[in-house]
Each structure stands twice: as structure tokens, then as C-alpha cells.
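[1] below is the sequence, then the predicted model.
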Amino acid sequence: MGIDYRVLYFAQLNTLCILLLVIVLFRLRNRRETVSARRRAFLRMVWVAIALCVSDVFSGLCNNGTFSGAQFLNEASNIIYYLGITWIGYIWMVFVNMRLNGLEYNHKRMMILSSIPLFAISLVILLNPFIHFMFTVDPVTNEYQRGPGVYLHWIVSWGYLFAAEINVLLHMKKLPGKTAKRKLVPLLWFIAAPIVAAVVQMVVPMLNENLQCTTMQCGITFSIVVMTFEVLREKISMDSLTGLNNRSAFENYISDNMILGRNKLRLIMSDVDHFKNINDVLGHLMGDLALKSVSDVLKTACNKQDFNVFLCRYGGDEFVIASTEASEEDMNSLIRDISEGLGQFNSGSRNVFMLEISIGQAFGRCDSFEDAEALIKQADDQMYEQKKAKKAQRT
């Protein structure tokens with residue numbers, strides 16, 4: 001009996017996808033850290049993608065097969081495939097909602113409404129052996145054929161993916177500054193590879209029937225792997241307490257700009273006033289809350305700006321804002337927005353502490369890390385001069 005190269009091709013491509021997805025699972029799972037709801041949603045999507053690949057292999061092996069149980073396996077594997085495609089679209093939409101609206105996003109009404117098409121189409125898919133709406137498997141030849149319901153399946157599945165895209169675009173439109181918008185761009189690219197895979201399987205006749213599932217799997221796997229790099233990049237470069245960039249990310253920012261020849265750098269160094277008193281009197285939990293509150297004020301102010309700006313927690317209660325585009329007036333405007341944000345926070349009736357920060361600025365050429373350190377020191381010295389002046393006024 002000769003080798004069925006179509007089946008071999010199915011198995012090889014799906015095995016490669018499975019290996020990549022298993023690597024993603026190992027990279028994202030860490031038993032020593034608490035996994036957020038957003039991370040759990042992404043991991044569920046990876047597991048569903050693995051199930052898709054496995055079902056795709058069995059579908060390729062069983063289609064037109066004559067061995068015992070081939071028809072049952074052919075039908076079952078296609079049911080799993082159809083379910084998986086829709087569930088991946090839905091989970092991605094949920095993941096995007098979490099990314100846009102908070103890590104633990106749980107808008108019950110929206111979740112219930114958006115899940116209605118998912119459960120409706122899932123019920124139809126599960127009933128397919130009796131109604132043959134999505135696809136049919138010929139009882140004699142054991143050949144898979146699409147049914148009229150496949151178009152409804154694609155509308156629902158792609159509907160979730162495009163709903164996520166529209167959600168990102170609408171969210172970006174509401175954001176006032178370029179920095180915040182740029183962080184959402186990777187979410188828009190997730191759909192690109194599946195679209196390319198879908199076009200390939202429709203346009204190229206050789207792929208139309210035999211390899212349509214495999215091409216789709218490659219697109220989904222590619223998008224998941226790319227998003228995994230983004231998730232890991234965020235994990236490495238993000239301060240776990242405040243959600244801001246960390247010091248390592250700042251060093252990468254300096255390095256990237258030096259490579260690109262953007263050597264004029266403006267810096268703002270800020271430090272929380274009386275932070276030691278908050279920690280000593282109110283406790284470290286209140287100290288953490290103070291740092292989170294300051295970071296929220298800084299983040300809101302930075303997101304308002306029309307120029308690109310980099311914000312990080314430099315260490316302890318110190319924060320750095322940097323830009324290669326901003327003018328002196330731009331930075332002064334940013335400082336005014338920060339002061340306004342602090343004023344709004346301090347006017348809140350439920351606050352158990354007041355927030356004040358001292359600020360120092362620096363501007364100069366940055367052709368090396370030594371130059372960056374000199375600018376940091378310059379801004380730091382100015383900041384402590386302001387801190388001393390405040391202390392002298394109180395006494």
C-alpha cells in the first residue's frame with residue numbers, strides 16, 4: 001500500500017502546530033505566580049487550538065477511510081473542529097475585553113448576550129449527526145462534505161474575531177494620546193494570519209478541500225505564538241505592582257532610541273512625598289495603594305498627550321517619564337496635567353492619605369547609557385531641590 005501524502009501532510013503540519021502550542025503553554029504557565037483571569041483565558045484558547053489540531057489530524061486520517069470506526073471518528077473530529085473554531089473566536093473576544101477593560105473584566109450582561117450565538121451554534125454542531133446541517137459524512141465512501149450550515153458557522157466564528165477588532169478600534173478612538181493607542185496595535189494583528197489562511201484555502205484549488213483545516217490551523221497557531229511573545233514581553237517589562245513599565249524596560253527604551261538615532265531626550269523624574277510616613281503610619285498595604293494611585297495619575301496624564309511618551313516605575317517610589325519627541329512646553333503641559341490629576345485625587349472624600357510628588361526635569365543628548373545616567377542624575381538632583389524647598393516652606 002502506497003503512502004498517502006495528503007494524510008502525511010495533514011499530520012506533519014498539525015504536529016508542528018501542536019508542538020508550538022505546547023511550547024506556548026510551558027512558557028506561559030508558572031506555578032509560582034498567580035495567574036490572572038486574562039492569562040487563564042489565553043491559556044484556554046491555546047488548549048482549544050491544540051484540540052483543533054488533534055481533531056484536524058483525525059479528520060485527515062479518517063476521511064475516505066474504510067477501517068472500523070472510521071466514519072464515527074471522521075464525524076466526531078469534524079464536530080470538535082467546528083466547535084473549536086467558534087470557541088477560539090469567542091475566547092479571543094473575551095481576552096480582548098479583559099485587556100481593554102481590566103484584567104478581571106466580568107460584565108455579566110455583556111458576557112451573557114455575546115455568548116448566545118456561541119451556545120446556539122454549538123448546539124447545532126452537536127446535533128449535526130442527526131440534522132446534517134453543518135456537514136455530512138457519506139455512509140458508503142466516508143467522505144466529508146460541507147453542508148449549508150457552514151456559512152452560518154463562519155459568520156458566527158468570524159463575527160467574534162471582527163467584534164474584537166471593532167472593540168479595539170473604538171477603544172483606540174477614545175484614547176487621547178498616541179502612546180496608549182500604540183500599546184493596543186498588537187491586538188489588531190491577531191486576525192491577520194487567520195484571514196490569510198482563509199484566503200489561501202479559498203483561492204488555491206489544491207488547498208480548497210484537502211488542506212483547508214490545516215491552513216486555518218497554521219494561521220491560528222501563528223497568531224497565538226505572536227501574541228505569546230507580546231504577553232511575555234509585557235510580563236518581562238512590566239512592574240507587577242503598578243502595571244507600568246519597569247526599569248529594565250526603560251533601559252530597552254534608551255537602547256532602542258540610540259539605535260534609531262533619536263538622541264535628544266527629555267526626562268521627568270518624580271518621587272512621592274512623605275511616602276515613608278504612609279508606609280510607617282498606615283502600613284505597607286496603604287503604601288502599595290499610594291504607589292498604585294500615583295501610577296494611575298501619571299498614566300492618565302501621559303495618555304492625554306499627543307506626543308509619544310514613555311512611563312516607568314524606576315524604583316521604590318520613583319517614576320520616570322521620557323520622550324524623544326516632546327518640547328519643553330510639552331513637558332510643562334504634562335506636569336500641569338499631573339498636578340491636576342493629583343488635585344482631583346486629593347479632593348476625594350474617601351482617601352485615607354494625600355498624594356504629593358516632587359518633580360525634576362532634564363534635557364540633553366543621549367548617545368550612550370552614560371549620557372542617560374547623567375540626565376537621570378540631573379533630573380534627580382532637581383527633584384530633590386524641589387523636595388528641600390517644600391520642606392523649607394513648611395518649617
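    Arrived safely.
[2] and whichever strand or helix holds Phe162, what does it pack against?
    Using DSSP states H and E, Phe162 sits in helix 150-174. Judged by 3 or more C-beta pairs under 8 Å, 6 or more residues apart in numbering; DSSP states H and E, the packing partners of helix 150-174 are helix 70-101, helix 108-126, helix 185-188. Glycine gets a C-beta too; all of them are placed from N, C-alpha and C.
[3] name the surrounding residues that touch the second one.
    What it means is helix 108-126. Contacts with helix 108-126, where a contact means C-beta atoms under 8 Å, 6 or more residues apart in numbering, come from 79, 82-83, 86-87, 90, 93-94, 97, 131, 133-134, 149, 152-153, 156, 159-160, 163.
[4] check the last one too.
    Contacts of helix 185-188 with the rest of the structure, by C-beta under 8 Å, 6+ apart, involve 96, 99, 164-165, 168-169, 226-227, 230.
[5] may I see the PyMOL selection of the buried members of those residues?
    In PyMOL, this line selects whichever of the contacts of helix 185-188 come out buried by 16 or more other C-beta atoms under 10 Å:
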select buried, resi 96+99+164+165+168+227
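[6] dump the contacts of helix 185-188 to CSV, plus distance to Asn246.
    Formatted as CSV, the contacts of helix 185-188 follow (distance: C-beta to C-beta, whole Å):
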residue, distance to Asn246
Val96, 24
Arg99, 19
Ala164, 28
Glu165, 30
Val168, 25
Leu169, 29
Val226, 23
Met227, 21
Glu230, 16
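[7] Thr300: which of the contacts of helix 185-188 is nearest?
    Distance to Thr300 across the contacts of helix 185-188 (C-beta to C-beta) is lowest for Arg99, with 17.9 Å.
[8] what pLDDT does that closest one get?
    Note on Arg99: pLDDT of 81.
[9] what does Leu188 give?
    Leu188 carries a pLDDT score of 89 in this model.
[10] what do you get for Phe369?
    Note on Phe369: pLDDT of 82.
[11] one more: Tyr314?
    pLDDT, Tyr314: 90.
[12] could you measure it against Arg266, distance?
    The gap separating Tyr314 from Arg266 is 15 Å, by C-beta to C-beta, to the nearest Å.
[13] ok, now His284?
    His284 is 33 Å from Arg266, where distance means C-beta to C-beta.
[14] which intervals of the stretch 1-150 of the chain have sub-threshold pLDDT?
    1-7, 30-36, 102-108 (pLDDT under 70).
[15] what helix or strand is Tyr314 on?
    Judged by DSSP H and E, Tyr314 forms part of strand 310-315.
[16] hmm, who's touching that strand?
    With C-beta under 8 Å, 6+ apart, strand 310-315 has contacts from 179, 239, 241-242, 244-247, 249-250, 253, 269, 291, 295, 298-299, 302, 319-323, 376.
[17] return it as PDB; C-alpha atoms alone will do.
    Backbone C-alpha positions of strand 310-315 (Å, rounded to 0.1, in the frame of the first residue of the first chain) are rendered in PDB as follows:
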ATOM      1  CA  PHE A 310       7.500  56.500  28.000                       C
ATOM      2  CA  LEU A 311       6.400  56.000  31.600                       C
ATOM      3  CA  CYS A 312       8.000  53.600  34.100                       C
ATOM      4  CA  ARG A 313       8.400  52.900  37.800                       C
ATOM      5  CA  TYR A 314      12.200  53.500  38.100                       C
ATOM      6  CA  GLY A 315      12.400  52.000  41.600                       C
END
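[18] for the next helix-or-strand element following it, what is the distance to the chain centroid?
    Sequence-wise, the next helix or strand downstream of strand 310-315 (DSSP H and E) is strand 318-323. Its chain's C-alpha centre and that of strand 318-323 lie 23 Å apart, by C-alpha atoms, centre = their mean, to the nearest Å.
[19] show me what strand 318-323 is packed up against.
    helix 247-259, strand 264-272, helix 284-303, strand 310-315, helix 328-346.
[20] outline the domain layout of the chain.
    5-237, 247-394 (automatic domain parsing).
[21] which two in the contacts of helix 185-188 are spaced the farthest apart?
    So, the contacts of helix 185-188 by C-beta to C-beta: farthest apart are Leu169 and Val226, at 18.9 Å.
[22] thinking again about what came up before, out of the contacts of helix 185-188, the closest to Ser339 would be?
    The closest of the contacts of helix 185-188 to Ser339 turns out to be Arg99 (C-beta to C-beta; 29.9 Å).
[23] which residues touch that closest one?
    With contact taken as C-beta under 8 Å, 6+ apart, Arg99 is in contact with 38, 184, 187.
[24] and Thr66, by the same measure?
    The contact partners of Thr66, taken as C-beta under 8 Å, 6+ apart, are Asn142.
[25] re earlier: looking at the contacts of Arg99, which is nearest Val309?
    Among those, and counting by C-beta to C-beta, the member closest to Val309 is Leu184, at 15.7 Å.
[26] quick one, phi psi at the closest one?
    phi -90, psi -10 (degrees, to the nearest 10).
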